[in-house]
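Trainee: how does the following fold in three dimensions:
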Amino acid sequence: PPLPPSPPPNPPQQQHHHHQQQQQQQQQQQQQQQREGPGCVVQDLSELDRLLKELGMTFYLEQSRDMTMLMPVNAAFAAAAAAGVDLHRLSWQAKWRILQFHIIPNQVVDLADALRAQQQQQFDTWEGSPLLIGRRSSSSSSSSSSSSSSSGEGEAEGEAPEYVVNGEAKVISKPPKIETFNGASYKINKVLLPPTMTAEDLKPAKQEQRIHPEVTERLRRRGPPEGPPSPEEEQQFASVDGTVEMHRPATDPRLPGSFRPDPLLQRSQVTPQFVRGINSQHARWDDSVYHRTPKTRTAEERRPQGDCSSSSSSSSSSSSSSSSSGSGSAAAAGAEAGTELRRQQQKQD
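Mentor: Have a look, this model is predicted:
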């Protein structure tokens, strides 16, 4: 006898399961958008954010001003790993150099303005090697686009130009320039490697050499087990902004009891020189406001010596003319007058 037909599958049950999966995915996307905000810049930059946290580099970038950063998206990290360069497995020194190669210090670059009258321009990076950024038209007709874009007419008519970094990485952010509180940023679709790096520099490093020592020390103080932290532990214990707790005095010795979160006092061995210079230029304090420095007192003391109409110079000249010992007595009288003037200024201060 023929076998009884098998029971038909339960399509309503399968559809219900598929519908539940879709709802879960939508909820996860909504939660991510609530955390990051709609259209947030960091939605496809989680790999770059992880790399910055592994180096404790976010703090330095937040303290800097007038900088331009090229930001590889997650797909760029995946493409580099597929090509044999997994950035998270490199030594922290190699990571530093690669990230430095993506930063143009002391300059807020607006590619639309910088490349309006020329096809390409070279920029100096934090790492030291230059970047060559070029502009090319996105239209297929190169003849008409080149003539119009050279005069700026193509962009005025709505034709969006393409920007290419070192002939290999494209700027994919739309609009290209992303305004930040300390400069500008551009998303790119490829990780840039400094030309000075060798194949030996791009080899995977040991686990304890992948994360900056200061980050490792911070994670150990916050409770991870002994030994180098794993990537999961680093992600778990890293702060929200990825900053590193440096060994720095909590107070300014010149201002007792005052907190001064100044990166110049961190004494870190890896603090970038250009960050130090930028922080010095944008300092919001002045020594002369809080106390009289020896330099300002010296300026006050030198004024009577050069001005014959001042009281101190007249007293010293009269004492020298009436003294029998001549120049020796004049010098002694001048020293006494300077000491007395210094005491009076100290009392006034």
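Trainee: send me stretch 199-213 as CSV with only the CA atoms.
Mentor: In CSV, the C-alpha atoms belonging to stretch 199-213 read as follows (Å, rounded to 0.1, in the frame of the first residue of the first chain):
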residue,chain,number,x,y,z
ALA,A,199,56.5,44.2,5.8
GLU,A,200,58.1,43.5,9.2
ASP,A,201,56.2,46.4,10.7
LEU,A,202,52.9,44.9,9.4
LYS,A,203,53.4,41.5,11.0
PRO,A,204,51.0,40.5,13.8
ALA,A,205,52.4,41.2,17.2
LYS,A,206,52.1,39.4,20.5
GLN,A,207,49.0,40.0,22.5
GLU,A,208,50.8,42.0,25.2
GLN,A,209,52.3,44.3,22.5
ARG,A,210,49.0,45.2,20.7
ILE,A,211,47.6,47.6,23.3
HIS,A,212,49.3,50.7,24.5
PRO,A,213,51.0,50.1,28.0
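Trainee: can you pull the buried residues of that stretch?
Mentor: Residues 201, 202, 205, 209, 210, 211, 212 are the ones in stretch 199-213 that count as buried (16 or more other C-beta atoms under 10 Å). The way it works is simple: take the backbone N, C-alpha and C, and place the C-beta from them, glycine included.
Trainee: for the nearest residue to residue 111 once chain neighbours are set aside, what are its contacts?
Mentor: Closest residue to residue 111 apart from its sequence neighbours, by C-beta to C-beta, 6 or more residues apart in numbering: residue 163 at 5.2 Å. Shown in contact with residue 163 (C-beta atoms under 8 Å, 6 or more residues apart in numbering): 111, 115, 133, 134, 135, 170, 171, 176, 186.
Trainee: 7 Å instead, please
Mentor: Applying C-beta atoms under 7 Å, 6 or more residues apart in numbering to residue 163 gives the contacts 111, 133, 135, 171, 176.
Trainee: okay, and the beta partners of it?
Mentor: Legend: beta-bridge partners of residue 163 under DSSP bridges are residue 135.
Trainee: show the pLDDT at it.
Mentor: pLDDT for residue 163: 96.
Trainee: same question for the one 10 residues further on.
Mentor: For residue 173, the pLDDT comes out at 91.
Trainee: in helices, which of the contacts of residue 163 fall?
Mentor: Here DSSP state H is the test, and the contacts of residue 163 give residue 111 as lying in helices.
Trainee: domain ranges for the protein?
Mentor: Here the domain parsing of the chain from automatic domain parsing is 41-244+261-284, 289-313+334-349.
Trainee: comparing those domains, which gets the lowest mean pLDDT score?
Mentor: Looking at those, the bottom one is domain 289-313+334-349 with a mean of 50.
Trainee: before we move on, the earlier item: mind putting the contacts of residue 163 in TSV, neighbour count included?
Mentor: Formatted as TSV, the contacts of residue 163 follow (neighbours: other C-beta atoms under 10 Å):
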residue	neighbour count
111	20
133	23
135	21
171	21
176	18
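Trainee: from the contacts of residue 163, pick the one nearest residue 50.
Mentor: residue 171 (22.1 Å; C-beta to C-beta).
Trainee: the closest one reaches residue 188, doesn't it?
Mentor: Yes. Using C-beta atoms under 7 Å, residue 171 is in contact with residue 188, at 5.8 Å.
Trainee: need the buried residues of stretch 199-213 in a markdown table (columns: distance to residue 62 and secondary structure).
Mentor: Formatted as a markdown table, the buried residues of stretch 199-213 follow (distance: C-beta to C-beta, whole Å; DSSP: H, G, I helix; E, B strand; the rest coil):
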| residue | distance to residue 62 | secondary structure |
| --- | --- | --- |
| 201 | 27 | coil |
| 202 | 28 | coil |
| 205 | 27 | coil |
| 209 | 26 | helix |
| 210 | 23 | coil |
| 211 | 19 | coil |
| 212 | 16 | coil |
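Trainee: tabulate those residues (a markdown table), appending distance to residue 123.
Mentor: What follows is those, written out as a markdown table (distance: C-beta to C-beta, whole Å):
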| residue | distance to residue 123 |
| --- | --- |
| 201 | 23 |
| 202 | 23 |
| 205 | 29 |
| 209 | 31 |
| 210 | 29 |
| 211 | 29 |
| 212 | 26 |
